[in-house]
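Enquirer: Structure of the sequence below:
(chains A and B)
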Amino acid sequence: MSTMTAQTTQVYSVFILATPEQIWDAITKSEFTQQYFYGVRIDVRDGRRFSAIGEMEWDEEVLESDPPRRLVHGWNAGYDPDLAAEAESRVTWEIEPQDGGITKLTVVHDRLEGAPKTAESVAGGWMYILSGLKTLLETGKPLAG
Amino acid sequence: MDDDQVFKALADPTRRHLLDRLFERDGRTLTELESELEMTRFGVMKHLRVLEDAGLVVPRREGREKLHFLNPVPIRLIHDRWIDKYTEHRVAALADLKHELEESA
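Expert: You can find the predicted model right below:
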């Protein structure tokens, strides 16, 4: 990945055998997020997105919330002081039902112009997170390893 | 969305080339991609369509433009499904070997 210049708009998409409501719960409630989001406990409530892992806690503003279809929030990488010092970026979750009980989940991480280190660091992370989320919802178990 | 579509989409040098171009710089228009390939616009469209159907490229509208983004998640899923499975097996085989050797020692 060394030749990659980190993209300022990144798009990740996955098809999951689950309902939009299940996906919404999985991205807004800590009982689920801690099983696939690097152990981070994330709760979306009162217009904020609260994150906690170990002794670290941080939160971001919810910019748009339309359950169970669309969630937009700020992103500041509170888990890493180096990254958190960069400008805030933005994350959009789009949840679109398809035929056959399948739902398409798309994550767009953009406005990364002022956060080059964050842009580089999240690129592999989103893949891992979405792969883990799919596994969790389809099998009821977190991704092994 | 199945693995077959992803493997088929990847089994073509032009499509892998398109993915490499998007890996270098993401979010490109058809016109930009076309200018880097010795191929008709229709040909590039056809290949992009196969990549989109496999989920490897996600088109997004931004203003008047349709931008194409590389979506690496299906490749990650293949990795999780196939690569992890066999490396796990290998690790397990080594663990069994160690167990057997220690038993017989």
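
Enquirer: which stretches of chain B form helices?
Expert: Counting by DSSP state H, chain B has these helices, from start to end: B:3-10, B:13-24, B:30-34, B:41-53, B:73-78, B:84-104.

Enquirer: what's the closest of these to residue A:69?
Expert: Set against residue A:69 and scored by C-beta to C-beta, these come closest in helix B:73-78, at 19.8 Å. Yep, even glycine has a C-beta here, placed from its N, CA and C like the rest.

Enquirer: now that closest one: how far from the chain's centre is it?
Expert: Taking C-alpha atoms, centre = their mean, to the nearest Å, the mean C-alpha location of helix B:73-78 is offset from the chain mean by 7 Å.

Enquirer: That helix packs against which elements?
Expert: Other elements packing on helix B:73-78 under the criterion 3 or more C-beta pairs under 8 Å, 6 or more residues apart in numbering or on different chains; DSSP states H and E are strand A:10-17, helix A:116-139, helix B:3-10.

Enquirer: export the last one as CSV, just CAs?
Expert: If I follow you right, that is helix B:3-10. As requested, C-alpha coordinates have been extracted for helix B:3-10 and formatted as CSV (Å, rounded to 0.1, in the frame of the first residue of the first chain):
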residue,chain,number,x,y,z
ASP,B,3,-17.5,-14.5,-5.0
ASP,B,4,-17.9,-15.7,-8.6
GLN,B,5,-18.7,-12.2,-9.9
VAL,B,6,-15.6,-10.8,-8.1
PHE,B,7,-13.3,-13.5,-9.4
LYS,B,8,-14.7,-13.1,-12.9
ALA,B,9,-14.3,-9.3,-12.8
LEU,B,10,-10.7,-9.7,-11.6
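
Enquirer: Which stretch among the helices and strands packed on helix B:73-78 approaches residue A:54 most closely?
Expert: With C-beta to C-beta, the closest approach to residue A:54 among these belongs to helix A:116-139: 17.3 Å.

Enquirer: in a helix, that's where residue A:96 is, yeah?
Expert: No: assessed by DSSP: H, G, I helix; E, B strand; the rest coil, residue A:96 does not belong to a helix; its assignment is strand.

Enquirer: Can you name the residues bridging to the nearest residue to it once chain neighbours are set aside?
Expert: Counting by C-beta to C-beta, 6 or more residues apart in numbering or on different chains, residue A:96 lies nearest to residue A:104, which is 4.6 Å off, once chain neighbours are set aside. Under DSSP bridges, the beta-bridge partners of residue A:104 are residue A:15, residue A:96.

Enquirer: what about chain B, any weak spots by pLDDT?
Expert: Judged against pLDDT under 70, the low-scoring parts of chain B cover residues B:1, B:90, B:105.

Enquirer: Can you tell me what sits against the strand or helix carrying residue A:73?
Expert: Assigned by DSSP states H and E, residue A:73 belongs to strand A:70-75. For strand A:70-75, contacts defined as C-beta atoms under 8 Å, 6 or more residues apart in numbering or on different chains pick out A:24, A:27-28, A:44, A:49, A:60-65, A:88-95, A:109, A:118.

Enquirer: Which ones among these map onto helices?
Expert: A:24, A:27, A:28, A:118.

Enquirer: Between those residues, identify the one with the most neighbours.
Expert: Neighbour counts for the ones in helices among the contacts of strand A:70-75 were taken using other C-beta atoms under 10 Å in any protein chain shown; the highest belongs to residue A:118, which has 25 neighbours.

Enquirer: Please report how far the closest residue to that residue other than its chain neighbours lies from residue A:124.
Expert: Here the nearest residue to residue A:118 in space, its sequence neighbours aside, is residue A:83; by C-beta to C-beta, 6+ apart that works out to 4.7 Å. Taking C-beta to C-beta, to the nearest Å as the criterion, residue A:83 is separated from residue A:124 by 14 Å.

Enquirer: Name the residue of chain A with the shortest distance to chain B.
Expert: Proximity of chain A to chain B (C-beta to the nearest C-beta) peaks at residue A:11, 3.8 Å away.
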